[in-house]
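*Asks:* next input, structure requested:
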Amino acid sequence: MRRLFWLALGVTLGVLIMRKVSRAVERLTPENMARSFSAGLNELAYSIREFAADVREAMTAQETALREAAGLDGGAEGAPRASHRA
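*Replies:* Presented below is the predicted three-dimensional model:
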């Protein structure tokens, strides 16, 4: 009975190990590696676009705040007047 237990345990572990190895080998094929690399590049490009959009938004908000503080917002009130000397 003990030998049957150890035989069954060995066969089970062998099958599990072979399945893991097969999956690892399948992931390391050139096609799958290229697909994984491509997905990584797409994710990186998306992150860079999101970062650039956030920077543009913050830059616009800061520029608006600076223009309002300096009175350059284009409105009639508070706009600096040019002095003309004749």
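
*Asks:* where is the longest helix in this protein?
*Replies:* Using DSSP state H to define each element, the chain has its longest helix at helix 30-70.

*Asks:* helices or strands next to it in the packing?
*Replies:* Contact here means 3 or more C-beta pairs under 8 Å, 6 or more residues apart in numbering; DSSP states H and E; on that basis helix 30-70 packs against helix 2-27. The C-beta positions use only the backbone N, C-alpha and C, and glycine is treated the same way.

*Asks:* between the helix it packs on and helix 30-70, how big is the angle?
*Replies:* Helix 2-27 runs at 60 degrees relative to helix 30-70, counting by axes from the mean of the first three to the mean of the last three C-alpha atoms, to 10 degrees.

*Asks:* ok now helix 2-27, how far from the chain's centre?
*Replies:* Its chain's C-alpha centre and that of helix 2-27 lie 37 Å apart, by C-alpha atoms, centre = their mean, to the nearest Å.

*Asks:* what packs against that helix?
*Replies:* Counting contacts by 3+ C-beta pairs under 8 Å, 6+ apart, helix 2-27 is packed against helix 30-70.

*Asks:* great, nothing more from me.
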